[in-house]
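> Provided below for reference: sequence and predicted model.
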Amino acid sequence: MKLIGIYLGIVLTAVGFINTSYARSNPNSHNITNVSVKSSNFKSKPTFKSTLNNLNLTADRGIGIGILDLNNGESWFHNRKQQFPMQSVYKLPIAIAILKLVDEKKISLDRPITITKENFAPGNSPIVKEIKGNRAQFTVRDLLTRAMSVSDNTASDALVRSIGGTSKVNEILLKLKIYNVRVDRLELQMQPDSVGLENPLPEWSDAKTFEAVIQQAPTSIKQIGLKKYLIDPRDTATPEGLVNMLAKLQKKQLLSSDSTALLLQIMTNSPSGQKRLKAGLPKNWSIAHKTGTGAEVLGVGSATNDVGIISSPNGKHIAIAVFIPGSKVSLKEREKLMANIAAMVVKATEQDLER
C-alpha cells in the first residue's frame, strides 16, 4: 500500500514554540510553529512522503516526528536521529522488558510486588491512594496496567525495581535489538531532575502537591534544572528508534502473541491523550499508544509526547511518534499539532485505498 494522493497541506506560521536557550545540544534546534491543516490542489496527487518533505519545517526543527507504514515500510521522519526526552513514553519499553521476562517464564503476571512509602514517585501516582499504612502488594499485571493505562509513576518504578533496575531494562532492550531507546532513571529521580529539585518526599506523589512544590522552588533552580533536562541524553529516544520499536511490537517480533495482545489492548484502552494523536482519528479507527508529559516550568512545557500504532478498519497499521520538547506554546496548541499529524496520515491512507 502506497501512501499517495494526499490532498492536504500543512501551513506553519511562526509563533515560537520552543525557546532556543532551552533547545537540546543540536545545531538544528530552533523555534517551533503553530500548525493548521487545509486543502490543497488534489490534481497534482503528490505522494505522502513528498508532501511532508515540502513542509516548511525549517523553523520547526525542535520537533521530532516519525511515521512508518507497517504494511509496506514507507516512512517519513523529521529529526529522525535526534534524541528527545520521553517522559512517560519510557513506560512502553519498560512494559516490553517486563513482558519479555514473563514470556521467558522468569516472572509471572501474578507475582506480588511490595510498594512501600519510600518508593512513592513524584507526580502522577494514583496508586498511592490505595496504600494504607506503609506498604501494600500488587501483582505485576496490576502494576503493568496502571503504568501503561493511567501512566502511574509509582507503579512503573515498582516494576523496574522488581527486575533489578533500569540496567536490566536496557539489557533486555538491546537483546531485542531495540536501539536508540533508553531507560536510565526511575521516575523517583527523573521527575525532580527535570525541574532542578532534589531529595523527593513521599508527599510529592500527589500531582497537585508536586506542582505546588515546583511553583515554590527558586526560579534560578528551575531554569538550571530545565536546561539540563532538555540536553540530558538519559531517558530519551529518537523518532526512528521509537517507531521501529512499535513496528517490531506490532509484528510480534518482541513478545509472544499473548503478551503482544495484552500490551496493545492496555494501550488501546488507555484514557490518556484524548486530544493528541487520538483526536485526529475517525471514530472507526483505533490507536494503541503511550503519552508522555513533563512538568510546566516557567511557562515552558518540558516535554509533550505521544507515540502509538494507529489502525484502520480494514487492517492498515501505521506507527507514529511525535515529540515536542521545551515548548512555550500552550498545551492546547501542542496537542492540536499531534491531532493534525494523525489526521493527515489518515487522509493519505484513506485516499490511497480509494484508488
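That came through fine.

> run through the residues that contact the spatially most central residue of the chain.
In the chain, the residue lying closest to the centroid (CA atoms, centre = their mean) is Val89, at 3.4 Å. The contact partners of Val89, taken as CB atoms under 8 Å, 6 or more residues apart in numbering, are 237, 242, 290-292, 305-307. (Each C-beta comes from the backbone N, C-alpha and C, glycine too.)

> is it in a helix, a strand, or coil?
The three-state label given to Val89 by DSSP: H, G, I helix; E, B strand; the rest coil is helix.

> find the nearest non-adjacent residue to it, please.
Gly292 (3.7 Å; CB to CB, 6 or more residues apart in numbering).

> then the helix or strand hosting the one you found to CSV, C-alphas only?
Element membership for Gly292, per DSSP states H and E: strand 286-293. What follows is strand 286-293, C-alpha atoms only, in CSV (Å, rounded to 0.1, in the frame of the first residue of the first chain):
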residue,chain,number,x,y,z
SER,A,286,-8.1,3.0,16.8
ILE,A,287,-4.8,3.8,18.4
ALA,A,288,-2.7,1.8,20.8
HIS,A,289,-0.5,4.5,22.3
LYS,A,290,1.5,5.9,25.2
THR,A,291,1.7,9.6,26.1
GLY,A,292,4.4,11.4,27.9
THR,A,293,4.1,14.8,29.6
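
> tell me what it is packed against?
helix 257-269, strand 300-311 (3 or more CB pairs under 8 Å, 6 or more residues apart in numbering; DSSP states H and E).

> which of these sits closest to Ala339?
strand 300-311 (9.4 Å; CB to CB).

> tell me the strands beside that closest one, with direction?
strand 286-293 (antiparallel), strand 296-297 (antiparallel), strand 317-327 (antiparallel) (DSSP bridges).

> that strand: how far from the chain's middle?
4 Å (CA atoms, centre = their mean, to the nearest Å).

> stretch 220-233 too?
20 Å.

> go on, stretch 283-294?
9 Å.

> got a list of contacts for that stretch?
Residues from elsewhere that reach stretch 283-294, judged by CB under 8 Å, 6+ apart: 85-92, 148, 151, 194, 229, 264-265, 267-268, 270, 272-273, 276-278, 281, 301-313, 342, 346.

> any buried residues in it, and which?
285-294 (16 or more other CB atoms under 10 Å).

> from the residues you listed, which is closest to Gln216?
Gly294 (18.2 Å).
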